[in-house]
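J.: With the input below, show me the fold.
(one chain, ligands or ions: 2)
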Amino acid sequence: MDKLRMVGGSPLQGEVIIAGAKNAALPILCACLLTDQTITLRNVPDLQDVRTMLKLLQEIGVEVRFPDAADRSYVALNAGNIKSSEATYEMVKTMRASILVLGPLLARMHSAKVSLPGGCAIGARPVDQHIKGLKAMGATIKIEGGYIQAETPSPQNRLKGASILTDMITVTGTENLLMAASLANGTTILENAAREPEVGDLAELLVKMGAKITGIGTDRLVIEGVDKLHGAEHSVIPDRIEAGTFLCAVAAAGGEILVKHCRPGTLDAVIVKLQEAGLKMEVGSDWIKASMSGRPKAVSFRTSEYPAFPTDMQAQLMAVNAIASGNATITETIFENRFMHVQELNRLGADIAIEGNTAIAQGVEALSGAIVMATDLRASASLVIAGLAAQGETQVDRIYHLDRGYDRMEQKLTLLGANIVRVK
Ligand SMILES: CC(=O)N[C@H]1[C@@H](OP(=O)(O)OP(=O)(O)OC[C@H]2O[C@@H](n3ccc(=O)[nH]c3=O)[C@H](O)[C@@H]2O)O[C@H](CO)[C@@H](O)[C@@H]1O
Ligand SMILES: C=C(OP(=O)(O)O)C(=O)O
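T.: Ligands and ions are numbered 1, 2, ... in the order given. All right, here's what the predicted structure looks like:
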């Protein structure tokens, strides 16, 4: 299993180019299932979850091509000859986002069999709202042998438009229902829809494919189903979480970096908190110049749905708080078990206590390097950030979690002058 080894203490300096968003690319790749024509995508990040999704789509029968062999971010997909409508346990257990094939397969193929994702490190993460929404659209769904087995209603074999109000805001739930509704018979209204930019990016692609969607970017999406969708070209939006992660890295390790190819407008909540922490930022249309000298100031925050502070940035900003001056309280409201990095940050010398869904960080003057273990994707990123700020050598084990969601992180950090290597 690969590890990352780093020697902390040197400030970051230089430019970093942000890749396409993992959480936009995954649903967007699944949208190819909605048509027999080709979908051409650019700015697809080259990371493990994308590779897993491409493998799953190929198993289903999608033809995947890289038109330019030297550029993995440029992908063409054609689902004209789908052989199967099944996502196996083997695939789903490695990537929960596999659930995103359920809506499109059901809408286009009229049946789908998708392994029920289990709980994962950060929480139970049920998919009851995806199922409830599809049932409201007329699907018959049974859970058998650990699989969701779904069929469209006969005799017309199409899902039908429905008014759906989810019990909570769910990102992939909104995406699954949005894709299913695009090919349904009649109008679907999704209330309490997720407003995350990645949902908006998927909706923009669907519109290019011929879907009729209004309310994009709001919590009420109205989808007038169409009989057929067609091919389209699309460029995936930049990854706001990757950009935020590099901003936290410079806030913790110090230095000055230019974050390029990002969308600052999707990072408002993160920028506000990092400004409070003392990170100096100049913001352009698609770049952020950030510099930090001295210790950051502690900043309290709570995670919530977009546009509030993202849960996917909680661990990284906690790493900044670990070495800040002062105390911060960090409240996680989205996932019930997303504090596993706390114990590992404490192994590096941090002073963080957990009380229910709140972590209380008492900033320390310095962290000291140690061997730590990554437990999930963003926990891994927080340990890398802490390792870059720590004195001495840190080794982060189990970085397959990090590789799921970051496109060449250690190479990008090396370009910023970090002393970091991958150990096979
Ligand atoms: C691939 C992807 O885009 N992943 C993101 C997506 O995950 P994901 O879409 O899985 O997260 P959700 O928005 O669905 O989850 C939000 C909350 O709702 C609960 N819930 C959700 C659905 C459901 O049917 N029932 C239910 O109870 C979840 O357990 C969680 O507590 O949004 C999360 C919240 O911003 C991010 O952390 C993930 O990075
Ligand atoms: C939790 C995350 O991803 P996923 O939903 O794919 O597990 C994440 O990106 O931080």
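J.: From the contact counts, what lies against the helix or strand Ala269 falls within?
T.: Using DSSP states H and E, the element containing Ala269 is helix 268-276. If you count contacts as 3 or more C-beta pairs under 8 Å, 6 or more residues apart in numbering; DSSP states H and E, helix 268-276 packs onto helix 240-253, strand 280-283, helix 314-322. For the C-beta atoms, the positions are set from N, CA and C on the backbone; glycine is no exception.
J.: Dump the ones you listed to CSV, plus distance to ligand 2, mean neighbour count and mean pLDDT.
T.: Below are the helices and strands packed on helix 268-276 laid out as CSV (distance: least, C-beta to the nearest ligand atom, whole Å; neighbours: other C-beta atoms under 10 Å; pLDDT from 0 to 100):
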stretch, distance to ligand 2, mean neighbour count, mean pLDDT
helix 240-253, 6, 28, 98
strand 280-283, 23, 14, 98
helix 314-322, 9, 30, 98
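J.: how about the helix holding Ala269: buried residues?
T.: 269-271, 273-274 (16 or more other C-beta atoms under 10 Å).
J.: That helix to helix 314-322, inter-axis angle?
T.: 10 degrees (axes from the mean of the first three to the mean of the last three C-alpha atoms, to 10 degrees).
J.: Restricting the selection to alpha carbons, write helix 268-276 to PDB.
T.: What follows is helix 268-276, C-alpha atoms only, in PDB (Å, rounded to 0.1, in the frame of the first residue of the first chain):
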ATOM      1  CA  ASP A 268     -17.100  31.800  -0.700                       C
ATOM      2  CA  ALA A 269     -17.600  30.100   2.700                       C
ATOM      3  CA  VAL A 270     -14.100  28.700   2.600                       C
ATOM      4  CA  ILE A 271     -12.600  32.100   1.600                       C
ATOM      5  CA  VAL A 272     -14.400  33.900   4.400                       C
ATOM      6  CA  LYS A 273     -13.100  31.500   7.000                       C
ATOM      7  CA  LEU A 274      -9.500  31.500   5.700                       C
ATOM      8  CA  GLN A 275      -9.500  35.300   5.700                       C
ATOM      9  CA  GLU A 276     -10.600  35.200   9.400                       C
END
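J.: Touching it from outside, list them.
T.: Contacting residues not belonging to helix 268-276 are listed as 240, 244, 247-248, 251, 264, 281, 283, 288, 290, 297, 299, 301, 307-310, 313, 317, 320 [C-beta atoms under 8 Å, 6 or more residues apart in numbering].
J.: where's the closest residue to Ser163 other than its chain neighbours, which helix or strand?
T.: Residue nearest to Ser163 in three dimensions, not counting chain neighbours: Ile189, with 4.7 Å by C-beta to C-beta, 6 or more residues apart in numbering. Secondary structure assignment for Ile189, by DSSP H and E: strand 187-191.
J.: Assess the claim that Met53 and Pro27 are in contact.
T.: No - contact criterion C-beta atoms under 8 Å: Met53 and Pro27 do not qualify, at 9.5 Å.
J.: which residues do these two both contact?
T.: If you check Met53 and Pro27 against C-beta under 8 Å, 6+ apart, the residues they both contact are Ala97.
J.: So for the two, which sits in the more crowded spot?
T.: Pro27 (28 against 25; other C-beta atoms under 10 Å).
J.: Please tell me I have it right and the more buried one contacts Leu177.
T.: No - between Pro27 and Leu177 there is no contact under C-beta under 8 Å: 11.2 Å.
J.: How is Leu383 assigned, secondary-structure-wise?
T.: helix (DSSP: H, G, I helix; E, B strand; the rest coil).
J.: Next up, the contacts around it.
T.: 319, 341, 344-345, 348, 372, 374, 394, 396.
J.: Now distance to ligand 1 too, for those residues, in CSV please.
T.: Shown next, in CSV, are the contacts of Leu383 (distance: C-beta to the nearest ligand atom, whole Å):
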residue, distance to ligand 1
Ala319, 17
His341, 14
Glu344, 19
Leu345, 19
Leu348, 24
Val372, 22
Ala374, 16
Thr394, 25
Val396, 20
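J.: The helices and strands packed on helix 268-276: which one's closest to Glu198?
T.: Set against Glu198 and scored by C-beta to C-beta, the helices and strands packed on helix 268-276 come closest in helix 240-253, at 8.6 Å.
J.: so what does the closest one touch, helix or strand wise?
T.: strand 12-17, strand 255-260, helix 268-276, strand 287-292, helix 314-322, helix 377-389.
J.: Give the rounded mean pLDDT of the last one.
T.: By that I understand helix 377-389. Averaged over helix 377-389, pLDDT sits at 98.
J.: and it, is it in reach of ligand 2?
T.: Yes - Helix 377-389 comes into contact with ligand 2 (C-beta under 6 Å from any ligand atom), by way of 377-378.
J.: Okay, angle between that helix and helix 240-253 too, please.
T.: Going by the same axes, to 10 degrees, helix 377-389 makes 30 degrees with helix 240-253.
J.: Now do the helix or strand following helix 377-389: which elements does it pack against?
T.: Downstream of helix 377-389, the next assigned helix or strand under DSSP H and E is strand 393-397. Where contact means 3+ C-beta pairs under 8 Å, 6+ apart, strand 393-397 is packed against strand 3-7, strand 371-373, helix 377-389.
J.: Quick one, which of those gets closest to Ser154.
T.: Among these, if distance is taken as C-beta to C-beta, the winner is helix 377-389, at 41.2 Å.
J.: can you pull the alpha-carbon coordinates of that closest one into PDB?
T.: C-alpha atoms of helix 377-389 as PDB (Å, rounded to 0.1, in the frame of the first residue of the first chain):
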ATOM      1  CA  LEU A 377     -10.500  10.900   1.700                       C
ATOM      2  CA  ARG A 378     -10.500  14.300   3.300                       C
ATOM      3  CA  ALA A 379      -9.000  13.000   6.600                       C
ATOM      4  CA  SER A 380      -6.000  12.000   4.400                       C
ATOM      5  CA  ALA A 381      -5.800  15.600   3.000                       C
ATOM      6  CA  SER A 382      -5.900  17.000   6.500                       C
ATOM      7  CA  LEU A 383      -3.000  14.800   7.600                       C
ATOM      8  CA  VAL A 384      -0.900  15.900   4.600                       C
ATOM      9  CA  ILE A 385      -1.600  19.500   5.500                       C
ATOM     10  CA  ALA A 386      -0.600  18.900   9.100                       C
ATOM     11  CA  GLY A 387       2.500  17.000   7.900                       C
ATOM     12  CA  LEU A 388       3.600  19.900   5.800                       C
ATOM     13  CA  ALA A 389       3.300  22.200   8.800                       C
END
